[in-house]
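*Asks:* no sequence on hand, only this structure:
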């Protein structure tokens, strides 16, 4: 398994046990808690000055803070998305400055690409042949694209209410798509989750890239905060408003802010606020 120098293994957020990333692949073997990639920060030989000399071609420019090196990455060029100035919105909100992090610029049009890039890298490093997950739509589409890049077979479970585009692109990228019927007339991601769970019981060899089952999706998402801080010269904005569903991106961004402070790159944590919505994440700088 090809990993970065500082990647020290996986730590359970519940029981705090640590595990070898080669043998622990998903949830904690002891308590079924969520596993989180851990790092030896003293082993990270990277500074903001080093980053200034690198091309901003993808999120893998931060590979020293990820579990896998760029040479192993399953990548479609995700990340390096722009911060867009929104003066009219700032005026309407009564603040000095508002920036939008345009995650629609990612390869499949969603920030889900970041997480799937790292999760699919882990799947390939672990020798998987098939990957599976349930999704409300965007993560399924992203998983299909990244599984295709990794030459893995993908099995995606979406609720019937998922958008036509997400269903179509999941199939265009070559995944096996299962659209679940609604329960009680109101199709939800939980319906897709039930079908996914049943399929995983029938196919235990499938490798899951489901939210907070794989330890790696939030690692890809944390690059949003690294890009944000770097664009702002490592000064934390007054607030980040983050539209969230499962919360993987919010967890990843908070982790990145802690790591930037641990490494001495930024003095403050980013104040972050979650909002149940879809779209870009507004960055407010008053």
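*Replies:* Sure, I can see it. Only a predicted model underlies this, so the values are computations on that prediction, with no experimental measurement involved. Residues are numbered from 1 along each chain as shown.
*Asks:* any idea of the mean pLDDT in the host helix or strand of residue 229?
*Replies:* Using DSSP states H and E, the element containing residue 229 is helix 223-231. Averaging pLDDT along helix 223-231 yields 95.
*Asks:* any idea how far the residue positioned nearest the centre of the chain lies from residue 218?
*Replies:* Nearest to the mean C-alpha position of the chain, counting by CA atoms, centre = their mean, stands residue 115 at 2.6 Å. Note on residue 115: its distance to residue 218, by CB to CB, to the nearest Å, is 7 Å. Every C-beta, even on glycine, is put in place using the N, C-alpha and C of the backbone.
*Asks:* what residues are shared contacts of those two?
*Replies:* 248-249, 252 (CB atoms under 8 Å, 6 or more residues apart in numbering).
*Asks:* can you say which helix or strand has the residue nearest to the centre of the chain in it?
*Replies:* helix 112-125.
*Asks:* which strands or helices does that helix pack on?
*Replies:* Counting contacts by 3 or more CB pairs under 8 Å, 6 or more residues apart in numbering; DSSP states H and E, helix 112-125 packs against strand 130-134, helix 138-149, helix 217-221, helix 248-262.
*Asks:* can you give me how far the second one is from the chain middle?
*Replies:* Translated: helix 138-149. 12 Å (CA atoms, centre = their mean, to the nearest Å).
*Asks:* for residue 219, grab the count of nearby residues.
*Replies:* Counted by other CB atoms under 10 Å, the residues lying close to residue 219 total 28.
*Asks:* residues touching it, list them.
*Replies:* 37, 66-67, 115, 118, 252.
*Asks:* over to residue 9?
*Replies:* By CB under 8 Å, 6+ apart, the contact set of residue 9 is 18-21, 24, 37-38.
*Asks:* nearest to residue 85, of those residues?
*Replies:* Of all these, residue 37 has the smallest distance to residue 85: 33.6 Å, by CB to CB.
*Asks:* isn't residue 121 right up against residue 72?
*Replies:* Yes. Using CB atoms under 8 Å, residue 121 is in contact with residue 72, at 5.9 Å.
*Asks:* of these two, which one has the most company?
*Replies:* Between residue 121 and residue 72, residue 121 has the larger neighbour count (other CB under 10 Å), namely 25 against 19.
*Asks:* distance of the more buried one relative to residue 56?
*Replies:* Using CB to CB, one gets 20 Å for the distance from residue 121 to residue 56.
*Asks:* sorry, back to before: next, the angle helix 248-262 makes with the helix holding residue 229.
*Replies:* Computed by axes from the mean of the first three to the mean of the last three CA atoms, to 10 degrees, the angle separating helix 223-231 from helix 248-262 equals 40 degrees.
*Asks:* how far off centre is the helix or strand following helix 223-231?
*Replies:* Once helix 223-231 ends, the next helix or strand along the chain (criterion: DSSP H and E) is strand 239-243. In terms of CA atoms, centre = their mean, the centre of strand 239-243 is set 16 Å apart from its chain centre.
*Asks:* and for residue 205, nearest residue in space, chain neighbours not counted?
*Replies:* In space, and not counting its chain neighbours, residue 205 is closest to residue 130: 6.8 Å by CB to CB, 6 or more residues apart in numbering.
*Asks:* go ahead and confirm the one you found touches residue 207.
*Replies:* Yes. With contact defined as CB under 8 Å, residue 130 counts as touching residue 207 (6.6 Å).
*Asks:* identify the contacts common to these two.
*Replies:* By CB under 8 Å, 6+ apart, residue 130 and residue 207 have these common neighbours: residue 152.
*Asks:* show me which of these two is the more surrounded one.
*Replies:* Applying other CB under 10 Å to residue 130 and residue 207 shows that residue 207 carries more neighbours, namely 24 against 15.
*Asks:* give me every residue that touches the more buried one.
*Replies:* With the criterion set at CB under 8 Å, 6+ apart, residue 207 makes contact with 25, 123, 126, 128, 130-132, 152.
*Asks:* please report phi then psi for it.
*Replies:* For residue 207, the backbone dihedrals (degrees, to the nearest 10) come out as phi -100, psi 120.
*Asks:* that one bridge partners, please.
*Replies:* Listed by DSSP bridges, the beta-bridge partners for residue 207 are residue 131.
*Asks:* what's the distance between it and residue 89?
*Replies:* To residue 89, residue 207 is 41 Å away according to CB to CB.
*Asks:* for residue 204, same thing?
*Replies:* Between residue 204 and residue 89 the distance is 48 Å, computed by CB to CB.
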